[in-house]
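1. next come a sequence and a model predicted from it.
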Amino acid sequence: MEQQQKQLTPDEQALAEQQRVAWQRGCFQTAQKYLAEKGIMPKSVVEQDSRFLAPICAMWKFKAQNGKTYWVVTGQLPTDHAEVGAASDARDAMRYFSLQWQLKADQIMSAGARDKTQADFANLLVKRAHGLYELYDNDKLWAHEPK
């Protein structure tokens with residue numbers, strides 16, 4: 001039996017848009033704070049290269065005051081960054097972070113996670129890495145991306 005999708009009323013659409021904007025703003029603030037904590041002062045965001053999959057993850061492309069450009073991932077996963085040379089676009093950056101997190105989790109576990117917190121973090125990295133890779137691998141999400 002087919003499920004019919006309920007059309008949102010204009011009020012519901014407006015509320016959904018407000019929630020999406022608030023989520024995106026929160027992710028932006030998280031990304032800026034994260035970079036600052038790493039000693040990287042953000043200068044501007046390259047909006048046309050950044051991608052948002054609310055409420056799961058945001059992939060930001062930031063230009064920093066040090067002249068470098070970075071990918072920053074935020075959302076329902078660990079916030080992380082890499083220099084822009086690690087990935088050619090936001091989709092590729094998702095794959096990059098997914099692979100990096102799997103490697104980091106392997107390092108934590110092979111070093112013999114000394115406590116439950118480390119083991120839990122390694123498991124979280126693996127789960128989020130798999131989820132991020134699924135987003136990367138989902139062609140429907142990237143159908144409107146330039147080739």
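-> Alright, I've got the coordinates.
2. identify the residues contacting the residue nearest the centre of the chain.
-> Geometric centre of the chain, nearest residue: residue 73, 3.2 Å, by C-alpha atoms, centre = their mean. Applying C-beta atoms under 8 Å, 6 or more residues apart in numbering to residue 73 gives the contacts 57, 58, 59, 60, 79, 80, 81, 93, 94, 97, 132. Where you see a C-beta, it was placed from the backbone N, CA and C, and this is true even at glycine.
3. repeat that with 7 Å
-> 57, 59, 79, 80, 97 (C-beta atoms under 7 Å, 6 or more residues apart in numbering).
4. now do residue 96
-> Applying C-beta under 7 Å, 6+ apart to residue 96 gives the contacts 82, 86, 87.
5. let's see stretch 51-68 as CSV, backbone CA atoms only.
-> Provided in CSV are the C-alpha atoms of stretch 51-68 (Å, rounded to 0.1, in the frame of the first residue of the first chain):
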residue,chain,number,x,y,z
ARG,A,51,26.8,21.5,1.9
PHE,A,52,24.0,21.0,4.4
LEU,A,53,22.1,17.8,5.1
ALA,A,54,19.9,18.9,8.0
PRO,A,55,19.7,17.7,10.6
ILE,A,56,22.5,15.2,10.1
CYS,A,57,25.6,17.1,9.0
ALA,A,58,27.0,20.2,7.5
MET,A,59,30.2,20.4,5.5
TRP,A,60,31.7,23.8,5.6
LYS,A,61,34.5,25.3,3.5
PHE,A,62,36.2,28.0,5.5
LYS,A,63,38.9,30.4,4.4
ALA,A,64,41.1,31.3,7.4
GLN,A,65,43.1,34.3,8.4
ASN,A,66,46.3,32.2,8.0
GLY,A,67,45.6,32.1,4.2
LYS,A,68,44.6,28.4,4.2
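6. having no further points to raise, I will conclude here.
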